[in-house]
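Participant: after the sequence you'll find the predicted model.
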There are 2 protein chains.
Amino acid sequence: MDFLPPALTALIQELGRLPGMGPKSANRLAFHLLRTQKAAVDRLSVALAGLHEGVGFCKTCAFISAGDQCPICADPRRDDSILCVVEEPTDVIAIERTGEFRGRYHVLLGAISPMDGVGPGEIRVEELLERLRGGLTREVILATDGDIEGEATAAYLAQVVDRLGQGIGVTRLARGLPMGGELEYADELTIARALSGRRPL
Amino acid sequence: MDFLPPALTALIQELGRLPGMGPKSANRLAFHLLRTQKAAVDRLSVALAGLHEGVGFCKTCAFISAGDQCPICADPRRDDSILCVVEEPTDVIAIERTGEFRGRYHVLLGAISPMDGVGPGEIRVEELLERLRGGLTREVILATDGDIEGEATAAYLAQVVDRLGQGIGVTRLARGLPMGGELEYADELTIARALSGRRPL
C-alpha cells in the first residue's frame, strides 16, 4: 500500500500491534478515525500519551493507582481483617463491581506457572507474607483463577500461610453453576463441581 | 469505577467511542496498553495526532492523499481512457490490491440513498461529469457496491453518462460466485446471478 499517505500507513501499523487487531481491522479503524473529527482523535491521542505518567501500582496491594497508595488501601472504612488475594488488577475491578466485598486486596501480578518459569519468587508472595506478619488479617480469600496456574498458586499460598502459624483462616471462592446459567449449557467440570459442592436448602 | 486513576478512566472512555468497542473491550485494551512499554503507546499516540494533518483528499479523484494529488492520479503511466467509479477510498485500495487495474479512479464519497437524504448533489457526480467532459475517458466502470444504494447509484450514473452523448462505454463489475467459494454456501441471489450470467467455456 505504498500509495497511501505515510501518516495513514504509520497509524495502520501501530493499530495492527494491538491485541486482537488484524491487518483488516487496523485498516478499517484507521479509515474510521480519518472520518472522525480531529478533536476526537486528538483526545484519544492525549489519553494514550498520559497513560503511563498517570498510572502506577499501589505500593501496598499492587492494584493500579495514580499515587503511591490506591484509594482502596487508603480507605479507612475497609475491613483490615479480610484480605482477598487475586492475580491481576482487573480481578480487583471485577470483585469491586459486585459491591459485596469490604476487605482489603493483595494483587500477585501473576500466577505460579513452572512451564513459563514463573515461581513464587516471580509473583508478590513475599509482600503478601510481610503484610500477614503485620497481624491484622484473620482471613485470606484465595481468589486466583480456576485454571491450572490459579489452582497451583492457591494450593501453594494455602501452605505458606498455614506455615506462618498465626491461625489465619484460608478460603477459596465457591465454584459451581453461574447464576442464571442453564444446566444444559454448563461444562462437565462445572457440573461435577456443583454436584460435589451441593448445599442443603 | 471511581477508584481507578483518572488517566486510565479517560483512556477507557475514549477507547469506548471506537466502533465495535464495548465497555469490556475498552477496559481490556486499556489494561493491555498499561502493560505495554510506554514507547509503543507513545508511537500510537503520535500516529493518531498526526493523522488529520498528514492525510487529505485528492483534488481530482477524492482518494486519500498526503498532497493535493494522490499518487495514482499523479502517475503518468496509468491509462486515462478507463475510469473506475467507486463509493469510498477503501474501494480503491481493494481494487489496487488486485494489481489488475491500470486505469484511473473517481471516488464518489458516498452512494445515492433517498432514505438517508443523499441525492446526486451530495456525492461527487458533478465532478465526475466534469472529468468526462475532458474527453479522455472511453469507458466508465461502475464499481459501486452490490447493495440497493450502490445499484441505484450505478443506474443513475449510467443514465447521466449516456446523456453526455460522448459515446463513453459504461460497464459494471461482474457478479457471480466468489473464487474458491463453495456452491453449497453461496446465497440464493448470488447463485441466481451466477446462473443468469453464465458464460461459455
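Facilitator: Cool, got the structure. Numbers count the residues shown, from 1 in each chain, chains lettered A, B, ... in the order given.
Participant: can we go C-alpha only for contacts and neighbour counts from here?
Facilitator: Noted.
Participant: mind checking how far residue A:72 is from chain B?
Facilitator: 7 Å (CA to the nearest CA, to the nearest Å).
Participant: tell me the helices and strands packed up against the helix or strand harbouring that residue.
Facilitator: Taking DSSP states H and E as the definition, residue A:72 sits inside helix A:71-74. Applying 3 or more CA pairs under 8 Å, 6 or more residues apart in numbering or on different chains; DSSP states H and E, we find helix A:71-74 packed against strand A:103-107.
Participant: outside of the strand it packs on itself, list whatever touches it.
Facilitator: A:60-63, A:72-73, A:78-89, A:92, A:124, A:128 (CA atoms under 8 Å, 6 or more residues apart in numbering or on different chains).
Participant: and that strand, which residues are buried?
Facilitator: For strand A:103-107, the neighbour count (16 or more other CA atoms under 10 Å in any protein chain shown) marks A:103, A:104, A:105, A:106, A:107 as buried.
Participant: pick out the residue nearest the middle of chain A.
Facilitator: Centroid-nearest residue in chain A: residue A:88, 2.6 Å away (criterion: CA atoms, centre = their mean).
Participant: how about the closest residue to it other than its chain neighbours, secondary structure?
Facilitator: For residue A:88, ignoring the flanking residues on the chain, the nearest one in space by CA to CA, 6 or more residues apart in numbering or on different chains is residue A:109 at 5.2 Å. Recorded secondary structure, residue A:109: coil (DSSP: H, G, I helix; E, B strand; the rest coil).
Participant: which strands or helices does the helix of greatest length in chain A pack on?
Facilitator: For chain A, the helix with the greatest residue count under DSSP state H is helix A:148-163. Contacts defined by 3+ CA pairs under 8 Å, 6+ apart place helix A:148-163 against strand A:169-172.
Participant: can you give me the buried ones in the strand it packs on?
Facilitator: Those buried within strand A:169-172 under the rule 16+ other CA under 10 Å are A:170, A:172.
Participant: for residue A:51, grab phi and psi.
Facilitator: Main-chain torsions, residue A:51, degrees, to the nearest 10: phi -60, psi -60.
Participant: returning to what we had before: how far away from the center of its chain is the longest helix of chain A?
Facilitator: The gap between where helix A:148-163 is centred and where its chain is centred comes out at 17 Å by CA atoms, centre = their mean, to the nearest Å.
Participant: pLDDT weak spots in chain A?
Facilitator: A:1 (pLDDT under 70).
Participant: buried residues in the longest helix of chain A?
Facilitator: A:149, A:150, A:151, A:152, A:153, A:154, A:157, A:158, A:161.
Participant: got the contact list for the first one?
Facilitator: It refers to residue A:149. Listed by CA under 8 Å, 6+ apart, the contact partners of residue A:149 are A:111, A:112, A:113.
Participant: is the strand or helix carrying residue A:13 anywhere near chain B?
Facilitator: Using DSSP H and E, residue A:13 sits in helix A:6-16. Yes: against chain B, helix A:6-16 shows contacts by CA under 8 Å from any CA of the partner chain at A:6, A:7, A:8, A:10, A:11, A:14, A:15.
Participant: out of the contacts of strand A:103-107, which are inside strands?
Facilitator: A:79, A:80, A:81, A:82, A:83, A:84, A:85, A:86 (DSSP state E).
Participant: burial measure for the third one, as a count.
Facilitator: Same thing as residue A:81. 15 (other CA atoms under 10 Å in any protein chain shown).
Participant: that one reaches residue A:132, doesn't it?
Facilitator: No: counting by CA atoms under 8 Å, residue A:81 stays clear of residue A:132, with 9.9 Å between them.
Participant: so who does the residue nearest to residue A:88 touch?
Facilitator: By CA under 8 Å, 6+ apart, the residues touching residue A:109 are A:62, A:87, A:88, A:89, A:123, A:124.
Participant: quick check: the third one touching residue A:110?
Facilitator: Yes: here residue A:88 lies in contact with residue A:110, judged by CA under 8 Å, at a distance of 6.5 Å.
Participant: what helix or strand does the residue in chain A that chain B sits nearest to sit in?
Facilitator: Using CA to the nearest CA, residue A:45 is the residue of chain A that sits closest to chain B, at 4.3 Å. Following DSSP H and E, one finds residue A:45 within helix A:38-49.
Participant: cool, and residue A:67?
Facilitator: Here residue A:67 is assigned to no helix or strand, by DSSP H and E.
Participant: wait, it sits on residue A:73?
Facilitator: No: Residue A:67 is beyond contact range of residue A:73, at 11.3 Å (criterion: CA under 8 Å).
Participant: so for the two, which residue has more residues nearby?
Facilitator: Legend: neighbour count by other CA under 10 Å for residue A:67 and residue A:73, higher for residue A:73 (20 against 14).
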